[in-house]
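Enquirer: here's my sequence, what's the structure:
(chains A and B)
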Protein chains: 2
Amino acid sequence: MSVVGIFDSGLGGLLTARLLRERRPDITILYYGDTAHLPYGDKSPAQIRSYVRGIVGFLREEGAEMIAIACNTASAVAYDTACEAAKGAPVLSAIQPALSAFERRRYPEPVGVIGTYTTIRSGIYGKALQSIDYVVRELATPVLVPLIEEGWIDHPATEAAIDTYLTQLGEVGTLLLACTHYPLIEASIARFYAKRGQKVSLLSTAALLAEEIARIVLPAEGEGTLSFWVSDDNPRFLELAQHFWGAPISPALAVR
Amino acid sequence: MSVVGIFDSGLGGLLTARLLRERRPDITILYYGDTAHLPYGDKSPAQIRSYVRGIVGFLREEGAEMIAIACNTASAVAYDTACEAAKGAPVLSAIQPALSAFERRRYPEPVGVIGTYTTIRSGIYGKALQSIDYVVRELATPVLVPLIEEGWIDHPATEAAIDTYLTQLGEVGTLLLACTHYPLIEASIARFYAKRGQKVSLLSTAALLAEEIARIVLPAEGEGTLSFWVSDDNPRFLELAQHFWGAPISPALAVR
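Expert: Got it, this is the predicted structure:
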């Protein structure tokens, strides 16, 4: 097994693909960004399940032997649908690897969880972490995604937003970055805590998902490739793709 | 005629309603926020037209004698649909009042236009202003909406974003705020230019639409009321409503 299908509502999941590629260059990655339907956070669960069914079927037809859901919203509402559509291929959600990490090792408390409104409102991380006896503090940090998508990684606006949000979250021992985009600003977040002399363990669902895939997939000969599809090929999305993948990435094939 | 139906993909149009109310407290306003389908920028024109048809029909049935489209995207792609669905009632888009203002009076050039990606990419303001011989500079400023929706009006992150965007836009004689949300940060934008000793005329499509409605609608006896519908009553939207309307606003009636 060395062909992994990764999908997301947009292109943030390319960051998971990139982290996976850094660890396991032998794995072939098929990436699907459902750019015609983002953001999933605004859609009904039934609608999201119907998108997920189509995407997983497509990735399986293209040769994916394993499916990884990089999107938090799809992970929360359409995991069973993805398993059904995967017809026997294993499916990993963005959520499971994070919870396994917190079970395997005891991280310092309280555990802060930051993500989009949809993720935080779903309470999916908070409830799961509380069920394994962690004290949890959750905060929706909706401004961070648009700042990152604008490419403002080391920008004063992003620093100011991080400052306000993490101050509002209060003291934590561990911070879980529960959004595909956030690893791009992990260094700024680390700086926030370092400036205050606070020791905080930083974990991201994107990196934990990449690690879990790397752990499971058998080694393959030679170097893997990346294939990349989007459902809407708006030029802005192609700029963003480069941002998350960390290098120019083309051609992107649009499917509808 | 003293009952005006105003709609938007979300709640930003409540700012137009508020500006209208300040000028003409006698007008009764029916407001519809299509919160189940926002953001319109991601939807196909056919899909947006079908939403607009439903909304305009609804507002007419509720008694609207005139329809105002506060949303830039809907104004750009569904004006004819709104006119058809209005069955003879006059329809104002967000675009016409702005262009009339630039025709009535000669504003200092170059004219800067800022808005969302969708609005700027459509080129709707740029092309129209060029057709009446204005030199135009357009810039998409996508981070501003989420910052405003977070309530960060006088926040350092918003100041930093304004700084970067307006510097990138370059020197202008007039700045058109072509997004329903932007009047909330008009004071910060004015400060940016004042600090640099630049005299810039600020215009907003939201205020120009409110002025145009106020100019057209006949005076009525007594005080008008506000009725307010949303298609999805997510608690976050109700917080935002208060923000745009400038005071607590309830009850919001959800229709589907």
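Enquirer: list the contacts for the residue of the stretch 1-150 of chain A found nearest chain B?
Expert: Closest to chain B within the stretch 1-150 of chain A is A:Pro146: 4.5 Å, counting by Cβ to the nearest Cβ. For every residue, glycine as well, the C-beta is placed using N, CA and C. A:Pro146 makes contacts with B:Pro142, B:Val143, B:Val145, B:Pro146, as judged by Cβ atoms under 8 Å, 6 or more residues apart in numbering or on different chains.
Enquirer: ok, the third one touching B:Cys179?
Expert: Yes: the pair B:Val145 and B:Cys179 passes the contact test of Cβ atoms under 8 Å, sitting 6.7 Å apart.
Enquirer: between these two, which has more neighbouring residues?
Expert: Shown here are B:Val145 and B:Cys179; by other Cβ atoms under 10 Å in any protein chain shown, B:Cys179 has more neighbours (25 against 19).
Enquirer: helix, strand, or coil at that one?
Expert: Recorded secondary structure, B:Cys179: coil (DSSP: H, G, I helix; E, B strand; the rest coil).
Enquirer: check what pLDDT it gets.
Expert: On pLDDT, B:Cys179 comes in at 93.
Enquirer: so which strand or helix has the residue of the stretch 1-150 of chain A closest to chain B?
Expert: Per DSSP states H and E: A:Pro146 is located in helix A:144-149.
Enquirer: again, but for A:Leu209
Expert: A:Leu209 belongs to helix A:205-216 when assigned by DSSP H and E.
Enquirer: name the residues of that helix that come out as buried.
Expert: Neighbour-count burial for helix A:205-216 flags A:Thr205, A:Ala206, A:Ala207, A:Leu208, A:Leu209, A:Ala210, A:Glu211, A:Glu212, A:Ile213, A:Ala214 (criterion: 16 or more other Cβ atoms under 10 Å in any protein chain shown).
Enquirer: how about the contacts made by the fifth one?
Expert: Residues touching A:Leu209, when contacts are defined by Cβ under 8 Å, 6+ apart, comprise A:Thr16, A:Ala68, A:Ala70, A:Leu92, A:Ala94, A:Pro97, A:Ala98.
Enquirer: rounded mean pLDDT for stretch A:77-91, please.
Expert: The average pLDDT within stretch A:77-91 is 96.
Enquirer: ends of that stretch, how far apart?
Expert: By Cα to Cα, to the nearest Å, the extent of stretch A:77-91 from end to end equals 14 Å.
Enquirer: now stretch A:215-232
Expert: Terminal residues of stretch A:215-232 lie 32 Å apart, using Cα to Cα.
Enquirer: starting at the chain centroid, how far to it?
Expert: Chain-centre distance of stretch A:215-232: 16 Å, with Cα atoms, centre = their mean, to the nearest Å.
Enquirer: got it, and stretch A:113-128?
Expert: The answer for stretch A:113-128 is 13 Å, by Cα atoms, centre = their mean.
Enquirer: quick one: residues in contact with it.
Expert: For stretch A:113-128, the external contacting residues (Cβ under 8 Å, 6+ apart) are A:39-41, A:72-73, A:75-76, A:95, A:98-99, A:129, A:136-142, A:144-145, A:165, A:169, A:175-179, A:182, B:236.
Enquirer: what residues does chain A put near chain B?
Expert: Contact residues, chain A versus chain B (Cβ under 8 Å from any Cβ of the partner chain): A:37-39, A:42, A:117, A:121, A:142-143, A:145-147, A:149-150, A:152, A:155-158, A:160-161, A:163-164, A:236.
Enquirer: now list the buried members of those.
Expert: A:37-39, A:42, A:142-143, A:145-147, A:149-150, A:152, A:155, A:157-158, A:160-161, A:164.
Enquirer: quick one, longest helix in chain A?
Expert: For chain A, the longest helix by residue count, based on DSSP state H, is helix A:45-61.
Enquirer: what pairs with the strand or helix carrying A:Leu139, parallel or antiparallel?
Expert: Here A:Leu139, judged by DSSP H and E, is contained in strand A:136-140. Using DSSP bridges, strand A:136-140 pairs in its sheet with strand A:111-115 (parallel).
Enquirer: if we can go back for a sec, now the helix holding A:Pro146, how far from the centre of its chain.
Expert: With Cα atoms, centre = their mean as the basis, helix A:144-149 stands 14 Å off its chain's centre.
Enquirer: with stretch A:29-46 instead?
Expert: Here stretch A:29-46 is found 12 Å from its chain centre; the criterion is Cα atoms, centre = their mean.
Enquirer: cool, stretch A:45-61 as well?
Expert: 17 Å.
Enquirer: now the stretch 51-200 of chain A, which segments are flagged as low pLDDT?
Expert: Counting by pLDDT under 70, not a single residue of the stretch 51-200 of chain A qualifies.
Enquirer: how about 90 then?
Expert: Within the stretch 51-200 of chain A, the stretches with pLDDT under 90 are A:73, A:76, A:116-119, A:121-122.
Enquirer: how about the strands in it?
Expert: A:66-69, A:91-92, A:111-115, A:136-140, A:174-177 (DSSP state E, counting those that start in this stretch).
Enquirer: put the alpha carbons of the fourth one into CSV.
Expert: The reference is to strand A:136-140. The C-alpha trace of strand A:136-140 is given here as CSV (Å, rounded to 0.1, in the frame of the first residue of the first chain):
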residue,chain,number,x,y,z
VAL,A,136,-9.8,21.5,28.1
ARG,A,137,-10.1,25.1,27.0
GLU,A,138,-11.6,25.7,23.5
LEU,A,139,-11.6,28.9,21.5
ALA,A,140,-12.8,29.6,18.0
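Enquirer: go through that strand and flag the buried ones.
Expert: Buried residues in strand A:136-140 (16+ other Cβ under 10 Å): A:Val136, A:Arg137, A:Glu138, A:Ala140.
Enquirer: and the contacts of that strand?
Expert: Here strand A:136-140 makes contact (Cβ under 8 Å, 6+ apart) with A:110-117, A:119-121, A:123, A:125-126, A:129-130, A:165, A:168-170, A:172.
Enquirer: what about the residue nearest the centre of chain A, distance to A:Pro39?
Expert: Against the mean C-alpha coordinate of chain A, by Cα atoms, centre = their mean, the closest residue is A:Thr180 at 3.0 Å. Taking Cβ to Cβ, to the nearest Å as the measure, A:Thr180 falls 11 Å from A:Pro39.
Enquirer: one step back: got JSON lines for the buried residues of helix A:205-216, with pLDDT too?
Expert: JSON lines is the format used below for the buried residues of helix A:205-216 (pLDDT from 0 to 100):
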{"residue": "A:Thr205", "pLDDT": "96"}
{"residue": "A:Ala206", "pLDDT": "96"}
{"residue": "A:Ala207", "pLDDT": "96"}
{"residue": "A:Leu208", "pLDDT": "97"}
{"residue": "A:Leu209", "pLDDT": "97"}
{"residue": "A:Ala210", "pLDDT": "97"}
{"residue": "A:Glu211", "pLDDT": "96"}
{"residue": "A:Glu212", "pLDDT": "96"}
{"residue": "A:Ile213", "pLDDT": "97"}
{"residue": "A:Ala214", "pLDDT": "96"}
